[in-house]
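Participant: What would the 3D arrangement of this be:
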Amino acid sequence: MSSVYRDNIELVFDIQGQGPDLLLIAGTAADRTLWSLVRADLAKHFRTIAFDNRDSGESSLCTTGYVLQDLAKDARAVLDAAGSSQAHVMGHSLGGMIAQELALLAPQRVASLTLVNTTSRLGTYTQTVISMALAWCHAIKDQELLVKSLYFLALGEDSIHGGALSQVAASLAEGGPGQPREALVRQWEVDLTVDIYNRLKHITTPTHILWGAQDKLIPEIHQFEMLDNIMGSSYTRLEHSGHCPMIETPVNFVENTLQFLLGH
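Facilitator: Sure thing, here's the model as predicted:
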């Protein structure tokens with residue numbers, strides 16, 4: 001495990017595997033353990049660099065708010081600290097938004113983009129869902145119930161019927177308090193400000209868009225917006241997953257991501 005400081009924020013990261021660099025960026029309410037079920041397979045082909053965003057995992061908690069560009073600069077600082085001049089970048093949800101911003105901020109540093117269940121802007125539907133999640137963070141005092149509520153949004157129907165919701169909630173509850181609520185709220189607030197749509201045409205790196213068809217957070221129309229506006233991008237629809245395919249359908253996730261990554 002290593003770390004780097006940017007603007008007095010400590011960003012914790014670790015490196016697994018050998019090969020071309022692959023930066024893994026988690027989203028809201030997640031840290032680098034999000035990739036645990038798929039990372040070993042990715043690390044067979046790539047030098048994977050996974051880090052905790054500020055306000056997540058082992059990285060620093062903030063005392064004030066921040067914007068998406070701050071998170072993209074954090075990601076670039078991690079690349080610098082890991083000795084990576086250029087990396088494939090895979091981002092999930094908010095992490096996918098950070099990845100897009102990084103590709104605009106430092107295009108020469110990004111070999112390819114893999115955008116997982118993310119968007120370039122929020123429509124009325126997603127704004128409503130995130131606002132509801134924010135309200136839950138303030139109103140629900142029982143930690144396990146809050147976790148179940150948030151993962152009910154995140155997990156697809158197949159995963160919920162398979163019992164994953166209770167398993168995840170119990171596992172996280174046993175692990176302690178987890179991410180402080182005020183940190184989670186700050187990340188949701190960043191989500192609500194994202195608007196990259198009008199700049200998508202400036203992303204020129206090879207891009208693969210993946211979306212779980214049971215996603216209750218981000219509708220498919222947002223995938224088509226990115227597909228239509230990022231030149232040469234490709235799209236994969238994962239039928240049996242919700243918002244977190246790397247957790248819900250890890251084998252399928254690895255197969256589809258590697259097919260793209262190994263071709264670039």
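
Participant: Show me what counts as buried in stretch 235-254.
Facilitator: Residues of stretch 235-254 classed as buried under the neighbour-count rule (16 or more other C-beta atoms under 10 Å) are 235-236, 238, 241-250, 252-254. Every C-beta, even on glycine, is put in place using the N, C-alpha and C of the backbone.

Participant: hmm, which two among those residues are most spread apart?
Facilitator: Using C-beta to C-beta, the buried residues of stretch 235-254 span at most 20.8 Å, a distance reached by Tyr235 and Ile247.

Participant: any low-confidence regions in the chain?
Facilitator: For the chain, applying pLDDT under 70 flags the ranges 168-178.

Participant: how about the strands of it, start to end?
Facilitator: For the chain, applying DSSP state E gives strands covering 2-6, 9-16, 21-25, 47-51, 87-92, 110-116, 207-212, 234-238.

Participant: With distance to Asp31 added, can I get those in JSON lines?
Facilitator: Output for these, formatted as JSON lines (distance: least, C-beta to C-beta, whole Å):
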{"stretch": "strand 2-6", "distance to Asp31": "13"}
{"stretch": "strand 9-16", "distance to Asp31": "9"}
{"stretch": "strand 21-25", "distance to Asp31": "11"}
{"stretch": "strand 47-51", "distance to Asp31": "9"}
{"stretch": "strand 87-92", "distance to Asp31": "12"}
{"stretch": "strand 110-116", "distance to Asp31": "16"}
{"stretch": "strand 207-212", "distance to Asp31": "20"}
{"stretch": "strand 234-238", "distance to Asp31": "22"}
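
Participant: Nearest approach to Ala135 belongs to which of the ones you listed?
Facilitator: Between Ala135 and the strands of the chain, the tightest spacing by C-beta to C-beta is seen for strand 87-92, at 23.3 Å.

Participant: tell me which strands and helices the closest one is in contact with?
Facilitator: strand 21-25, helix 94-105, strand 110-116 (3 or more C-beta pairs under 8 Å, 6 or more residues apart in numbering; DSSP states H and E).

Participant: hmm, who's touching the second one?
Facilitator: This points to helix 94-105. 24-28, 30, 53, 68-69, 71-73, 75-76, 89-91, 109-110, 113-120, 187, 190-191, 194, 196, 199-200, 202-203, 205 (C-beta atoms under 8 Å, 6 or more residues apart in numbering).

Participant: follow-up on the earlier one: Thr48 is nearest to which of the helices and strands packed on strand 87-92?
Facilitator: strand 21-25 (4.9 Å).

Participant: circling back: to Glu144, which of the helices and strands packed on strand 87-92 lies closest?
Facilitator: The nearest among the helices and strands packed on strand 87-92, by C-beta to C-beta, is helix 94-105 at 23.3 Å.

Participant: Switch the helices and strands packed on strand 87-92 over to a markdown table; also include mean neighbour count and distance to Ala183.
Facilitator: What follows is the helices and strands packed on strand 87-92, written out as a markdown table (neighbours: other C-beta atoms under 10 Å; distance: least, C-beta to C-beta, whole Å):
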| stretch | mean neighbour count | distance to Ala183 |
| --- | --- | --- |
| strand 21-25 | 27 | 17 |
| helix 94-105 | 26 | 13 |
| strand 110-116 | 25 | 22 |
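
Participant: So which of the ones you listed is nearest Ala139?
Facilitator: Going by C-beta to C-beta, the one of the helices and strands packed on strand 87-92 nearest Ala139 is helix 94-105, 22.0 Å.
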